[in-house]
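everything below, folded, please.
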Amino acid sequence: MMSSSKCLLVAALMSLLLLHLCSQSEAARAFDCCLRYTHRVLRTRNIKGFSRQHANEACDIDAIIFYTSKGWAVCADPKKKWVTHAIHVIRYDTVTTY
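Below you'll find the model as predicted:
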């Protein structure tokens with residue numbers, strides 16, 4: 001049977017390993033980038049939200065990432081008219097007036 005100090009050491013090492021693995025997966029997600037734009041026009045009623053990707057050292061292109069009601073993330077060209085219209089509609093619909 002292991003002594004309590006050995007059990008504590010094993011538990012601490014397992015915790016550090018788990019923490020390291022979790023931080024690695026977060027870092028991998030942080031560097032996911034849009035590499036190309038969709039050719040399809042999305043219906044605004046199917047878009048639940050969006051975020052912006054800026055071209056920098058990690059990502060090659062500027063993009064709008066639309067999040068759909070089906071859970072998809074779709075990369076779109078921020079210069080396209082339908083994209084700017086969709087952003088306007090989403091912002092307007094999420095603003096609450098009293």
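
least confident secondary structure element in this structure?
Here the helix or strand of the chain ranked lowest by mean pLDDT, DSSP states H and E is helix 4-30, holding a mean of 60.

so residue 50 sits right up against residue 63, yeah?
No - taking Cβ atoms under 8 Å as the definition, residue 50 is not a contact partner of residue 63, at 10.0 Å. In short, each C-beta sits where N, CA and C put it, glycine included.

find the nearest non-adjacent residue to residue 37, please.
residue 77 (4.4 Å; Cβ to Cβ, 6 or more residues apart in numbering).

against residue 36, how distant is the one you found?
9 Å (Cβ to Cβ, to the nearest Å).

neighbour-wise, which of these two wins?
Set residue 77 next to residue 36 and count neighbours by other Cβ atoms under 10 Å: residue 77 wins out with 18 against 10.

report the contact partners of residue 85.
residue 44 (Cβ atoms under 8 Å, 6 or more residues apart in numbering).
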